[in-house]
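In: generate coordinates for the sequence data below:
(one chain, ligands or ions: 1)
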Amino acid sequence: MSFLNIKTKLTLWYTFFMVVLVGGILGILVEFTDMTLLTNQKSQLVEVVEDVIEDIEEGDDFDNFDDGVYILLYNENGEYLTGSLPFNFPIQYPFKLGQVQEIKEKDRGFYIYDKKIITEGGEKIWIRGVFSDIQINQLTQTIVTGAFLILPILVILSTVIGYFITKKAFLPVKKIQETAQNITESNELSLRIGLPKGRDEITKLANTIDEMLERLDKSFQKEKQFTSDASHELRTPVTVILAESEYILKHGEDMEEARESMEIINRQAEKISGLINQLLFFSRVDRGDLKLKLENVNIVKTIEELKNDNSIEAEKRNITITYENNLKNYEYIVDKIMFIRAIQNIIQNAINYGKENGKIEIESFEKSEYFVIKVKDDGIGIAEENLQKIWDRFYQVDESRTTKSMGLGLSMVKLIVEKHEGYVEVESELGKGTVFTLYFKKL
Ligand code: ADP
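Out: Numbering: from 1, shown residues only. Now for the predicted structure:
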């Protein structure tokens, strides 16, 4: 059966059930009609005989054949006197008073009803009513013939209509299959099934597939972008290293110049190393390999230390860092290394993008199920339209600004906070400053 398509299979099943159903219903109908006709005819038989008796008693004439019932008269000894006889009827069949009897005779059936009366002259006579089942059979036959004519018409009609309904219902499936095939053949993930929004299951399925394709497409685009950005970021320091090392090889006699080149090479190699570490971090997160090493950490002490470590660099730009703690508890469960990495990044950015002689204010406090770290600077700020992009990998508002940065820091911060079941927020005004707020879940 697998060589048949679903439409044909469905139509075949449907037709099969239609034949069984219609056949069954017609069978029951014929049987029921038969039974009803027989019951009616039997009461008709009794009624006609009773009417004839009444007519005889009143001295009226009566019909020998009335409403399909034959009337026969016999004398007391059972000898046939008069009346009309149905074809093949056994004239001398024994009498039974006041009861409908069924006789089978030469493939034909008869129903008889006998009654005995005494005439005015004192004569005893039998009155027998007879009807032949040929009348009922003829009617049933008509119904059966009609049914056998109607049945195929009904089946053909329902098959044709059923096929077209199924075909229409399966149009979206065809569209889904064609789109999937086109995507496979052309490798083009931007293709969509494009069915209008609907409520039926297949349309919903198609819409869901489209949404899935949209997400896949975006994620592939991001992946491509990521690889191209990463290669780009690696190319610059490698080019510098190559140039400097060639220079040393050519003019290596002058120790002072060689030393300068070695310093440049060292800085660029550090940059590459940093980038590779960050890429490894993202690849571990993307693979789902990044497991937090959760432990009880004195958050307040850690931030205090980070503040002190960064103050030396901040002082170079005459920036002061302050820290205000409003946490009642000092210890929280975090991955210490990750936590330090996140806060360090935010403070580092505040220094990098802060203004000379400015200030950085760090604050920690609790808010419902989170402990919150806020870092506020009064630096260059971020324009409204760039505010959400800063979390993207490799995004930099001003790419030419710093040589050290690569636009990976904030996406790493976001990932770390989210790994701690928290979230990040940023508020900023261009030229005025920026506030980063990290909400870490109290685990
Ligand atoms: P980068 O390595 O460039 O600092 P990040 O991911 O840390 O990368 O930051 C992305 C961009 O967001 C930065 O290039 C910078 O333009 C902007 N940014 C980050 N922090 C601040 C801040 N405190 N003030 C102003 N701009 C900032």
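
In: so the closest residue to R317 other than its chain neighbours, which state does it fall into?
Out: Nearest residue to R317 in three dimensions, chain neighbours excluded: E356, at 5.2 Å (C-beta to C-beta, 6 or more residues apart in numbering). Where you see a C-beta, it was placed from the backbone N, CA and C, and this is true even at glycine. Using DSSP: H, G, I helix; E, B strand; the rest coil, the structure places E356 in coil.

In: likewise the one 10 residues further on?
Out: At E366 the chain is in strand, as set by three-state DSSP.

In: I'd say it and V372 touch.
Out: Yes. Judged on C-beta atoms under 8 Å, E366 makes contact with V372 at a distance of 7.0 Å.

In: which of these two has more neighbours?
Out: Using other C-beta atoms under 10 Å as the criterion, E366 and V372 rank with V372 on top: 18 against 14.

In: now for the helix or strand that contains F17, which elements pack on it?
Out: In this assignment (DSSP states H and E), F17 forms part of helix 6-57. Helices and strands touching helix 6-57, as assessed by 3 or more C-beta pairs under 8 Å, 6 or more residues apart in numbering; DSSP states H and E, comprise strand 65-66, strand 69-75, strand 100-105, strand 108-118, strand 124-132, helix 134-169.

In: quick one: low-confidence parts of this structure?
Out: 1-3, 399-405 (pLDDT under 70).

In: tell me which residue of it is furthest from the middle?
Out: Relative to the mean C-alpha coordinate of the chain, counting by C-alpha atoms, centre = their mean, the farthest residue is G121 (92.3 Å).

In: quick check, that residue in a helix?
Out: No. Applying three-state DSSP, one finds G121 to be coil, outside a helix.

In: which residues touch it?
Out: Under the criterion of C-beta atoms under 8 Å, 6 or more residues apart in numbering, G121 has no neighbours.

In: any idea how far G59 is from it?
Out: If you measure G121 against G59 using C-beta to C-beta, to the nearest Å, the figure is 11 Å.

In: for I112, same thing?
Out: With distances taken as C-beta to C-beta, I112 is found 25 Å from G59.

In: what about those two, which has more around it?
Out: I112 (23 against 8).

In: so that one bridges to which residues?
Out: Q101, V130 (DSSP bridges).

In: list the contacts for it?
Out: Here I112 is in contact with L45, Y93, V100, Q101, I103, R128, G129, V130 (criterion: C-beta under 8 Å, 6+ apart).

In: now these in a markdown table, with neighbour count?
Out: Below are the contacts of I112 laid out as a markdown table (neighbours: other C-beta atoms under 10 Å):
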| residue | neighbour count |
| --- | --- |
| L45 | 21 |
| Y93 | 16 |
| V100 | 17 |
| Q101 | 15 |
| I103 | 15 |
| R128 | 21 |
| G129 | 27 |
| V130 | 25 |
